[in-house]
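return atomic coordinates for the entry below.
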Amino acid sequence: MSSALTDLFPHPIVQAPMAGGVSVPQLAAAVSEAGGLGFLAAGYKTADGMYQEIKQLRGLTSRPFGVNLFMPQPEYADAAAVDVYAHQLAGEAAWYETELGDPDSGRDDGYDAKLAVLLDNPVPVVSFHFGVPNPDVLDSLRRAGTFTLVTATTADEALAVQRAGADAVIAQGVEAGGHQGTHRDNPETDGTGIGLLSLVAQVRETVSIPIVAAGGIMRGSQIAAVIAAGACAAQLGTAFLATSESGANALHKQALTNPLFVRTELTRAFSGRPARGLVNRFLREHGPYAPAAYPEVHHLTSPLRKKAAASGDAQGMALWSGQGHRMARELAAGQLVEVLAAELDAATTALSAFPKGGAGR
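Numbering: from 1, shown residues only. A predicted model of the protein is given here:
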């Protein structure tokens, strides 16, 4: 299924923007050069830091790429609940010999400043996570020549994305690693996420804009499946996390296929918002007690996560990962795009050769 988005890159493969230092310019460039759509993650960066990475990426490739922004969080967390959680984490701070972070370090992630940079220096694609931008923002980016996408985790959210004027929607299934891009953080909906194939089908029947499918995709045959369900492309994060160009910590890469980490869970333990990661000690001990408080909890635990990584302790890190993590392949990013594209072609050919009358005919 072709669209204005997929006309930008030969293969219907989008590298997910993974914040926290994973989606570095080298990774995005390698994916774009191989015919996919590489992405930079502007989350947790300053506007100038984002701009410097865009400049670096443009020096590595002339092909289209994207930049992802986190939406500001309008809801203020319960300060008392954050204080209780901070008290619970005091033992972690003592263990890692560090101080807890300041939970009030900021809520908007420099959103307005980043938008100003992207309007002054337009990039081919911009996507948004954690909510829907104002229609004026989407219109301004369109007039600047930028294609816009917004994440949705339900059909209703996808309809809100279309009504706001986005060019396409990213349908994110519950299988996805990292943060769920829900438009509102409602604890009552924890654990009620929709699987990707069901979500794509529901979104396809709800909106007319193109759909990019995201969540647990690790093989070209899965890309074929979501395209058959109505998507125009697939977005993969965990699959690219293990590549040589990824900026992920080596412990994180190794954990994806380490038999010590057998499953993933959605947790608020590290950030205060539901995010899927490999189950480790920190997640088990603190996940049940973490409040709905993003980005306060993110700021609170940031020094702990950094010290855990620096000390080689994967049990204290946020090991974001999708449900397909055991299928990760240690390849160069460009090679992974080529392998995925070949698998997609093989799966598409096999589907087209299947008797139209069904099995047994």
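
now the host helix or strand of Leu251: average pLDDT?
Element membership of Leu251, judged by DSSP states H and E, is helix 250-255. Looking at helix 250-255 alone, the average pLDDT works out to 98.

what packs against it?
Contact partners of helix 250-255 among helices and strands, from 3 or more CB pairs under 8 Å, 6 or more residues apart in numbering; DSSP states H and E: none. For the C-beta atoms, the positions are set from N, CA and C on the backbone; glycine is no exception.

distance from the chain centre to that helix, please.
18 Å (CA atoms, centre = their mean, to the nearest Å).

show me what secondary structure element comes after that helix.
Sequence order places strand 264-267 as the next helix or strand after helix 250-255, per DSSP H and E.

how much space between Tyr96 and Leu304?
Using CB to CB, to the nearest Å, we find Tyr96 at a distance of 6 Å from Leu304.

what touches both of those two?
Gly316 (CB atoms under 8 Å, 6 or more residues apart in numbering).

these two: who's more crowded?
Neighbour tally, Tyr96 and Leu304, criterion other CB atoms under 10 Å: the higher count belongs to Leu304, 24 against 18.

mind listing what's buried along the one helix or strand Ala113 maps to?
In the assignment (DSSP H and E), Ala113 maps to helix 111-120. Applying a neighbour-count criterion of 16 or more other CB atoms under 10 Å, one finds Tyr111, Lys114, Leu115, Val117, Leu118 buried in helix 111-120.

and Asp78, how many neighbours?
Neighbour number of Asp78 under other CB under 10 Å is 12.

contacting residues around it?
Pro291, Ala293.

relative to Glu285, how far out is it?
From Asp78 to Glu285 the distance is 21 Å (CB to CB).

what of Ala158?
Applying CB to CB to Ala158 and Glu285 gives a distance of 36 Å.

so these two - more neighbours on which side?
For Ala158 versus Glu285, neighbours defined as other CB under 10 Å are more numerous around Ala158 (26 against 15).

so the more buried one sits in a strand?
No. Counting by DSSP: H, G, I helix; E, B strand; the rest coil, one finds Ala158 to be helix, located in no strand.

so for it, what's the pLDDT?
At Ala158, pLDDT is 98.

again with the one 4 residues further on
At Gln162 the predicted local distance difference test score is 98.

on that earlier part again, adding distance to Ser244 and pLDDT, write the buried residues of helix 111-120 out as CSV.
Converted to CSV, the buried residues of helix 111-120 look like this (distance: CB to CB, whole Å; pLDDT from 0 to 100):
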residue, distance to Ser244, pLDDT
Tyr111, 32, 97
Lys114, 28, 98
Leu115, 33, 98
Val117, 29, 98
Leu118, 29, 98
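
how far away from the center of its chain is stretch 135-152?
Using CA atoms, centre = their mean, the offset of stretch 135-152 from its chain centre is 18 Å.

now do the end-to-end distance for that stretch.
One end of stretch 135-152 sits 16 Å from the other (CA to CA, to the nearest Å).

which residue ranges of the stretch 101-250 of the chain form strands?
In the stretch 101-250 of the chain, the strands defined using DSSP state E, counting those that start in this stretch lie at 125-129, 147-152, 168-172, 178-179, 211-214, 233-236.

contacts for the third one, please.
With contact meaning CB under 8 Å, 6+ apart, strand 168-172 is reached by 3, 5, 127, 147-153, 158, 161-162, 180-181, 196, 199-200, 203, 207, 209-215, 231-232, 235.

go on, the longest one?
Outside strand 147-152, the residues within contact range by CB under 8 Å, 6+ apart are 4-5, 8, 66, 124-130, 132-133, 138, 141-142, 158, 160-161, 164-172, 181, 183, 203, 212, 214.

select only the buried ones of those in ChimeraX?
To isolate the buried ones among those in ChimeraX, judged by 16+ other CB under 10 Å, type:
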select :5,8,66,124,125,126,127,128,129,130,132,133,138,141,158,160,161,164,165,166,167,168,169,170,171,172,181,183,203,212,214
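
list the buried residues in the helix holding Leu251.
Leu251, His252, Lys253, Gln254, Ala255.

again with stretch 233-250
233-243, 245-249.

could you tell me the end-to-end distance of that stretch?
Stretch 233-250: ends 29 Å apart by CA to CA.
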